[in-house]
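Trainee: predicted coordinates and the sequence they were generated for:
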Amino acid sequence: MTRVFSGIQPSGVPTLGNYLGAIRNWVPMQDTHESIFCVVDLHAITVWQDPKELARQTREMAAALIACGLDPKRCTLFIQSHVHAHTRLAWIFNCVARMGWLNRMTQFKDKAGKDREAAGTGLYVYPNLMAADILTYHATLVPVGDDQRQHLELANDIAEKFNHDYGVDFFPRIEPMIQGVAARVMSLRDGTKKMSKSDPSDQSRINLTDNHDTIALKIRRAKTDPEPLPDHVSGLEARPEARNLVGILAAITGTMPENVLREHGGKGFGAFKETLVEALVAHLTPISTEMTRLLDDPGALDAQLRLGADRAEAIASPICAKAEEIVGFLPRR
């Protein structure tokens, strides 16, 4: 089967946006692709992390992935730093990638802000690590959002230059996979901004561990407009908050926005929000319950992650070692 790779940062409890935009779409891949998923703790430290919090959040994210449906027996699930091939290949790619390529990366500009001279070098070169994450498995498909397309293009540039410089056909081309009915879930407080764990307002997002009362309160407080819901999707074009809530209900119930509006068009937001609360609670409660069960037995969870790391290393290490041989590194005997 075609090999798929993707990772997610351990930056707090996943949000509804993380779930609908990425994690949920990974689950069916376990049956159609050779699936490799990891918690990218190496990427997390491109900005300062409290060590104890990083360890806690890494385990928490792993539990969330399993609770959402990733089965360690059907996919390879592990912690990024547990497989050293990632950093070994990343150094080679640091030497292959060109400064001009990295200077064009818009995410660095966005994250570093105006004071770029004070930003850590890890934040600058982390696209090279992302390329290593994928290519050390010779993965050819990566499920990503539109905001990561530029980094995949860079990964392909790196692979192509490596192959050209060393006269080999070693690293394959990577293709993005854009999936999901609600690939971009927006803030509950501002429909023009993406739902984010970094938003200072917890009211802007639904966390996978939110209980019934919290979900109900957040949805009832979610920003809307005074007009009733339209009968057709075209009526949502200039209404970002309404479009967001309709998209969430469509995604969580496995239907299309057109079908949601066919049932709720012409109605006010009061009744619609109650329907949305019921759907969210029904879908997310089992996930929250399973996360709690997994985190209550960290030893068992860590054992599953060790097995995943062993499987990942069995794939990654030979590919990385071959890349080092191509470069001319003297092997350790």
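Mentor: Ah, there it is. Numbering: from 1, shown residues only.
Trainee: number of nearby residues for Ala321?
Mentor: 16 (other C-beta atoms under 10 Å). The way it works is simple: take the backbone N, C-alpha and C, and place the C-beta from them, glycine included.
Trainee: look up how far Arg332 lies from it.
Mentor: Plainly put, Ala321 is 10 Å away from Arg332 if you go by C-beta to C-beta, to the nearest Å.
Trainee: swap in Pro51?
Mentor: For Pro51, the distance to Arg332 - C-beta to C-beta - is 30 Å.
Trainee: where exactly do the helices run in the stretch 1-150 of the chain?
Mentor: With DSSP state H, counting those that start in this stretch as the criterion, the stretch 1-150 of the chain has helices at 16-18, 24-26, 29-32, 41-44, 51-67, 85-96, 99-103, 106-112, 121-135, 149-166.
Trainee: next one: the first one to chain centre, how far?
Mentor: Computed by C-alpha atoms, centre = their mean, to the nearest Å, the separation of helix 16-18 from the middle of its chain amounts to 9 Å.
Trainee: what residues does it touch?
Mentor: By C-beta atoms under 8 Å, 6 or more residues apart in numbering, the surrounding residues in contact with helix 16-18 are 8, 184-186, 194-197, 205-208, 248, 280, 284.
Trainee: next: stretch 148-159.
Mentor: With C-beta under 8 Å, 6+ apart, stretch 148-159 has contacts from 93, 96-97, 101-102, 104-107, 127-128, 130-131, 134-135, 142, 144, 171-174, 176.
Trainee: next: stretch 22-39.
Mentor: By C-beta under 8 Å, 6+ apart, stretch 22-39 touches 1-10, 14, 58, 61-62, 64-65, 68-71, 74-80, 83, 133, 137, 139, 141, 143, 145, 179-180, 312, 315.
Trainee: in it, which residues are buried?
Mentor: 22-27, 29-30, 33-39 (16 or more other C-beta atoms under 10 Å).
Trainee: ok, now stretch 220-236?
Mentor: 222-224, 229-230, 233, 235-236.
Trainee: possible to save those residues as TSV with distance to Arg306 and secondary structure?
Mentor: Shown next, in TSV, are those (distance: C-beta to C-beta, whole Å; DSSP: H, G, I helix; E, B strand; the rest coil):
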residue	distance to Arg306	secondary structure
Ala222	41	coil
Lys223	44	coil
Thr224	47	coil
Leu229	49	coil
Pro230	52	coil
Val233	47	helix
Gly235	52	helix
Leu236	47	helix
